[in-house]
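# I'll drop the sequence and a predicted model, then ask my questions.
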Amino acid sequence: LQMAKQQGRNCFAIYEDSPTHREQRRYAVAIVEEVQSGLKDGRILLAYQPIVDAEGHGIVAVEALLRRADPDRGVISPAGFIPLLEQSGLIVPVGRWTMHEACRRGRAWIDKGAEDLVMSVNVSPRQFAEPDFVQTVAAVLAETGLPRGHLQLEVTEGILLEPTPQTLHKIDALVAAGVRLAVDDFGMGYSSLAYLKRFPLHALKIDRMFVRDLPEQRQDAAIVRAIVDLGHGLGLHVTAEGVEDADQFHELRRLGCDSMQGYLFARPVAAAEMTGVLAQPGRFGAAPSEAAIAMISRITS
Ligand code: G
Ligand code: MN
């Protein structure tokens, strides 16, 4: 039934038992159990990665990223089991937990002096599709006391592409509640630009695929330039993802990106480490660009 619903309803999903299916089901059950216990005992956790201003005015936002502490492999990306979270619907409670935890941290960092900090949280299409998604966000904001305007939700183009009336309503309600919306991995999904004018978005995050081969790849530079022009023309903030070296940084700044994120500045780090980074105003304060880059690179090494 779940599968048929996910495939857009009005279709069949045939249940067929076989050793492979039993194996898959056992695996799915194991994942569910692992996630449930992991949330309780801290094996599922959040890492935080700064998004820094391109002109050296410091950390403007922090993206919360879901991580899994594996006894053998250390802290790893959950990319391997996110599809399973999606399929099983577990992404909904996990996503709520993520949002709550990130907002709670954001509030604490704002209280410690990072007054303008924005907390950026990824939202999966499945989460967004929940009928009470807007209420959930409002509840999380109320529970954690994160001030209005300090939560940014990163959504993928898929959510915005062919919006249902419910989607339109949710987006309006979120923006009315003071939530910022950013399009994640911009440029990789679809080429429709129509949705950009229909939604009161805040930011575009340029996918790292366009950043990776800068500054050598002129095609990538042309695409980045076009996205920046498009974003700025629409009054949006443009962030570049996956910035790994200083040449990319300089090129992206030349192309007009407003902010950047990537290993050049910092890898995703544990909350305690981020608390330390944010507590050093000299490091990310209103330093001149060149000095800021030098300081930022030192953090990475
Ligand atoms: O889809 P989204 O953009 O939210 O994905 C973020 C992921 O990208 C995180 O898992 C994060 O660890 C990873 N990431 C962050 N910075 C960099 C970077 O500079 N290079 C690469 N290759 N990956 C990065
Ligand atoms: Mn993201």
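That came in fine, so what should we check first? Ligands and ions are numbered 1, 2, ... in the order given.
# and residue 186, how far is that from ligand 2?
Using Cβ to the ion, to the nearest Å, one gets 11 Å for the distance from residue 186 to ligand 2. Just so you know, the C-beta spots here come from the backbone N, C-alpha and C atoms, and that holds for glycine as well.
# contact partners for that residue?
By Cβ atoms under 8 Å, 6 or more residues apart in numbering, the contact set of residue 186 is 157, 204-207, 227.
# neighbours around residue 106, how many?
A total of 27 residues lie near residue 106 under the criterion other Cβ atoms under 10 Å.
# residue 122 now?
So residue 122, with other Cβ under 10 Å, has 20 neighbours.
# quick one: it and residue 194, what's the gap?
24 Å (Cβ to Cβ, to the nearest Å).
# cool, and residue 88?
33 Å.
# who's more crowded, the two?
residue 88 (18 against 10).
# so the more buried one is in contact with residue 30, correct?
No - Residue 88 is beyond contact range of residue 30, at 11.2 Å (criterion: Cβ atoms under 8 Å).
# what ranges does the stretch 201-301 of the chain have for its strands?
203-206, 237-240, 259-260 (DSSP state E, counting those that start in this stretch).
# in TSV: those, plus distance to residue 24, mean pLDDT and mean neighbour count.
TSV is the format used below for the strands of the stretch 201-301 of the chain (distance: least, Cβ to Cβ, whole Å; pLDDT from 0 to 100; neighbours: other Cβ atoms under 10 Å):
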stretch	distance to residue 24	mean pLDDT	mean neighbour count
strand 203-206	34	97	26
strand 237-240	38	98	27
strand 259-260	40	96	24
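# for ligand 1, find the nearest of the ones you listed.
strand 203-206 (6.5 Å; Cβ to the nearest ligand atom).
# ok, and does the closest one reach over to ligand 2?
No - against ligand 2, strand 203-206 shows no contacts by Cβ under 5 Å from the ion, the least distance being 6.4 Å.
# now what about that strand, what contacts it?
Strand 203-206 is contacted from outside by 152, 154, 180-187, 224, 227, 230-231, 236-241, 257, 261, using Cβ under 8 Å, 6+ apart.
# filter the residues you listed down to the ones in helices?
Under the assignment DSSP state H, the contacts of strand 203-206 contribute 224, 227, 230-231 to helices.
# from those, which single one is nearest residue 102?
Nearest to residue 102 among these is residue 231, at 24.2 Å by Cβ to Cβ.
# residues in a beta bridge with the closest residue to the closest one other than its chain neighbours, which ones?
With Cβ to Cβ, 6 or more residues apart in numbering as the criterion, residue 231 has its nearest non-adjacent residue at 4.1 Å, and that residue is residue 238. Residue 238 has these beta-bridge partners by DSSP bridges: residue 204.
# could you turn the buried ones of the ones in helices among the contacts of strand 203-206 into a PyMOL selection?
Command for PyMOL that selects the buried part of those, burial taken from 16 or more other Cβ atoms under 10 Å:
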select buried, resi 224+227+231
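# residues contacting whatever residue of the stretch 101-250 of the chain ends up closest to ligand 1?
In the stretch 101-250 of the chain, the residue that lies nearest ligand 1 is residue 242 (4.1 Å; Cβ to the nearest ligand atom). Neighbour list for residue 242: 207-209, 211-212, 261-263 [criterion: Cβ under 8 Å, 6+ apart].
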